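Asks: One predicted model, sequence on top.
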Amino acid sequence: MSSAHAQVFTQCETAFNRLGWSHEIGLGMRQEGQHYQFGLKIYEPDFTFEKNLPGVFIKHNWVLFDWGKTNLQTRAALDLFYEKKGDLNFWLSNLMVGFQINRKLAKKLSFNFEMSTGPVLTLTKNKDADEKNRFQYFNYQAGLGLVYTFSTAD
Amino acid sequence: MILGHAGVALSAERALYPANSEASINYALNAFNADGVELDVQMTQDSVLVLYHDENITLQNGENTCFYQLTWRDIEFFNTQLNHPILALKDVATDILERNKYLYLDLKFYDFCDSSNINLEVMAAELMETFEDVDSAQKSRLIFNSRNIYLIDLIPEELGIRSFETDKIQLAIDYYEAGRMDLLSTHLFGFNETSKMNIQNASLPFSLFSIKTRQEIEEAAGFVPDFVITDNIPATRKFYN
């Protein structure tokens, strides 16, 4: 996976955590075992969100062990969401760190499984009462994804 | 009206914080914008009304006992070990009502260790004392629920909405027509179009509970209840907005 040349890839991932089911699509670049990615993430309206509003995420992965077709990465991701719930403004950020196993399926396609955990920070503001509240709790998730690499070094 | 079950949720897989805790109540009201919360009320041996769901409690020394066997001092000691302490009703009740939210109190009345009812008169007196300074607008958002009609009988009509919990619809209608209660609280499970038609004919307001999954939320919304007690506030709000 590591290469002196930068590679551009896209990744889609579905995960389940304490906020519900999420689906994300991102665009990234990898070089020397470092992966940088940004994209859009959406939660199904269920445990936390009422509407299908996308949030944004940035992610960094680092290849810890590389066994050819399979590698183990550490990952850190930060998500940001906003939703208006009636007269309440709801902001949510979620920092997640964990591990990801990638398995190459074809020259440009790989599959990944990840498990991560981290704090959810929520800020709410009631427009009428002009009242701000902050909350935090721990989140944990498991996810599956597919990565398509647009260019390969070899 | 959408009420969070014991705060955000009672069920472990959906509860972000312990049931009936301050954090859970605040998250339901201030982050999920619920119209109110359903909280479980039990009375200690020394007549303090406390927010706690289970009949039993396991203390630090591993002893498992009925909640009613404890004193408030025992609970205060127990609280020193908890991140989210067990609350006294009076510490949160007025604050919830002052925020223009509904407060639905599920009154537990049975001591399983003694196999008998607790002293219902004392519980009713403690409730009256807790809410004696609440104004009439707040009382219109205050609901007292119990499966024990004799406890409901002890709560003055002017103190709030008196809710009787049962799956026997005709019994609830009879009590309603006799002026003994103002609201029926019943499980979604077992509730059907005939139940709905009967309570509609009697003009009996009703609330549904045991609502967790999206399917249950959708099913409950179809009956258009006056109150929904849910373990999933955001998904329930989606259906009603």
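Replies: Nice, I can see it.
Asks: how far is stretch B:10-27 from where the chain is centred?
Replies: Offset of stretch B:10-27 from its chain centre (C-alpha atoms, centre = their mean, to the nearest Å): 14 Å.
Asks: what's the helix or strand for the nearest residue to residue A:76 once chain neighbours are set aside?
Replies: In this structure, residue A:76 finds its nearest non-sequential neighbour in residue A:97, 4.8 Å apart by C-beta to C-beta, 6 or more residues apart in numbering or on different chains. The way it works is simple: take the backbone N, C-alpha and C, and place the C-beta from them, glycine included. Per DSSP states H and E, residue A:97 falls inside strand A:88-104.
Asks: And that strand, what does it pack against?
Replies: Other elements packing on strand A:88-104 under the criterion 3 or more C-beta pairs under 8 Å, 6 or more residues apart in numbering or on different chains; DSSP states H and E are strand A:54-66, strand A:70-85, strand A:109-126, strand A:131-149.
Asks: Now residue 42. Its backbone dihedrals?
Replies: No chain in the question, so chain A it is. Dihedral angles phi and psi of residue A:42 (degrees, to the nearest 10) take the values phi -130, psi 140.
Asks: Number of residues surrounding it?
Replies: Residues lying near residue A:42 (other C-beta atoms under 10 Å in any protein chain shown) number 17.
Asks: neighbours around the closest residue to it other than its chain neighbours, how many?
Replies: Nearest non-adjacent residue to residue A:42, counting by C-beta to C-beta, 6+ apart: residue A:54, 4.7 Å away. A count of nearby residues for residue A:54, using other C-beta under 10 Å, gives 14.
Asks: so how far is chain B from residue A:54?
Replies: Distance, residue A:54 to chain B, by C-beta to the nearest C-beta, to the nearest Å: 16 Å.
Asks: just residue A:27 next, same as before
Replies: For residue A:27, the distance to chain B (C-beta to the nearest C-beta) stands at 29 Å.
Asks: and that residue, what element?
Replies: In this assignment (DSSP H and E), residue A:27 forms part of strand A:20-31.
Asks: just residue A:13 next, same as before
Replies: Residue A:13 belongs to strand A:7-17 when elements are defined using DSSP H and E.
Asks: could I have that strand exported to PDB, CA atoms only?
Replies: Provided in PDB are the C-alpha atoms of strand A:7-17 (Å, rounded to 0.1, in the frame of the first residue of the first chain):
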ATOM      1  CA  GLN A   7      -2.500   8.000  -4.700                       C
ATOM      2  CA  VAL A   8      -6.000   9.300  -4.900                       C
ATOM      3  CA  PHE A   9      -8.900   7.200  -3.600                       C
ATOM      4  CA  THR A  10     -12.600   7.200  -2.800                       C
ATOM      5  CA  GLN A  11     -14.100   5.300   0.100                       C
ATOM      6  CA  CYS A  12     -17.700   4.500   1.000                       C
ATOM      7  CA  GLU A  13     -18.400   3.200   4.500                       C
ATOM      8  CA  THR A  14     -21.400   2.100   6.500                       C
ATOM      9  CA  ALA A  15     -21.200   1.900  10.200                       C
ATOM     10  CA  PHE A  16     -23.400   1.400  13.300                       C
ATOM     11  CA  ASN A  17     -22.800   3.300  16.500                       C
END
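Asks: That strand vs chain B: in contact?
Replies: No: using C-beta under 8 Å from any C-beta of the partner chain, strand A:7-17 never reaches chain B; the gap is at least 11.2 Å.
Asks: which residues touch the strand holding residue A:27?
Replies: By C-beta atoms under 8 Å, 6 or more residues apart in numbering or on different chains, the residues outside strand A:20-31 that reach it are A:1, A:3-16, A:35-49, A:57, A:59, A:141, A:143.
Asks: strands paired with that strand, and their directions?
Replies: Using DSSP bridges, strand A:20-31 pairs in its sheet with strand A:7-17 (antiparallel), strand A:34-43 (antiparallel).
Asks: in that strand, what's buried?
Replies: Across strand A:20-31, burial judged by 16 or more other C-beta atoms under 10 Å in any protein chain shown covers A:20-24, A:26, A:28, A:30.
Asks: Buried residues, the strand holding residue A:97. List them.
Replies: For strand A:88-104, the neighbour count (16+ other C-beta under 10 Å) marks A:88-90, A:92-94, A:96, A:98, A:100, A:102, A:104 as buried.
Asks: from those residues, which two are the most distant?
Replies: Farthest-apart pair in the buried residues of strand A:88-104 is A:88 and A:104; separation 45.6 Å (C-beta to C-beta).
Asks: that older thread, for the buried ones among the contacts of strand A:20-31, write the corresponding PyMOL selection.
Replies: Buried residues within the contacts of strand A:20-31, by 16+ other C-beta under 10 Å, are selected in PyMOL with:
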select buried, chain A and resi 1+7+9+11+13+15+35+37+39+41+42+43+44+45+46+47+48+49+57+59+141+143
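Asks: quick revisit: between the buried residues of strand A:88-104, which is nearest chain B?
Replies: Top of the list for closeness to chain B, among the buried residues of strand A:88-104 and by C-beta to the nearest C-beta, is residue A:88 at 4.3 Å.
Asks: Chain neighbours aside, what residue packs nearest to that closest one?
Replies: Using C-beta to C-beta, 6+ apart, the nearest residue to residue A:88 is residue B:33, at 4.3 Å.
Asks: you'd agree residue B:89 is up against residue B:41?
Replies: Yes: with contacts counted by C-beta atoms under 8 Å, residue B:89 reaches residue B:41, the gap being 5.8 Å.
Asks: Can you name the residues bridging to residue 110?
Replies: As the question left the chain open, I've gone with chain A. residue A:104, residue A:147.
Asks: Chain B, not that one
Replies: On the basis of DSSP bridges, residue B:110 is bridged to residue B:117.
Asks: ok, what's across the strand from the closest residue to residue B:145 other than its chain neighbours?
Replies: Counting by C-beta to C-beta, 6+ apart, residue B:163 is the residue found nearest to residue B:145 once chain neighbours are left out, at 3.8 Å. Residue B:163 has the following beta-bridge partners by DSSP bridges: residue B:145, residue B:183.
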